[in-house]
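Asks: This is a predicted model, with the sequence first.
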Amino acid sequence: MKDENIIVEKSKAFALRIIKLYRYLSAEKQEYVLSKQILRSGTSVGANVREAERGQSKADFYAKMNIALKEISETEYWLELLHESDYIDSNSFESIHSDCDEIIRILTSITKSQKYKD
């Protein structure tokens, strides 16, 4: 259960970072396509984690956490594209990618442990 609390906190903090990144990309870089994609996937992670907390069953919990894992993986892809296309510099990328990677590891652990329980 402790992991679940960590993932709730970290996914929400990550969503707030993504919102700030979206604002920066829109205002400073006039980038609207990739920024909308990362805003959608990056904030969806926390939303799915929050939904999983109130899952109606273990299967529902697992399904929502699995969706969150897919969304954070998609977010990692958008971050890589933004970095490799020079919309975000290496320092910014490394910082937010580190958070992204940590969330991937936590969600992978939660979904694997849930899978073995079933």
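Replies: Received the coordinates, thanks. Numbering: from 1, shown residues only.
Asks: and the strand or helix carrying residue 13, which residues are buried?
Replies: Residue 13 is part of helix 2-27 when elements are defined by DSSP states H and E. Buried positions in helix 2-27, judged by neighbour count with 16 or more other C-beta atoms under 10 Å: 7, 10-11, 14-15, 18, 21-22, 25. For the C-beta atoms, the positions are set from N, CA and C on the backbone; glycine is no exception.
Asks: name the helices or strands packed onto it?
Replies: The helices and strands touching helix 2-27, judged by 3 or more C-beta pairs under 8 Å, 6 or more residues apart in numbering; DSSP states H and E, are helix 33-53, helix 58-84, helix 90-117.
Asks: who's in contact with the residue nearest in space to the middle of the chain?
Replies: A centroid search over the chain (C-alpha atoms, centre = their mean) returns residue 72, at 3.5 Å, as the residue closest to the centre. Shown in contact with residue 72 (C-beta atoms under 8 Å, 6 or more residues apart in numbering): 11, 41-42, 45, 100, 103-104, 107.
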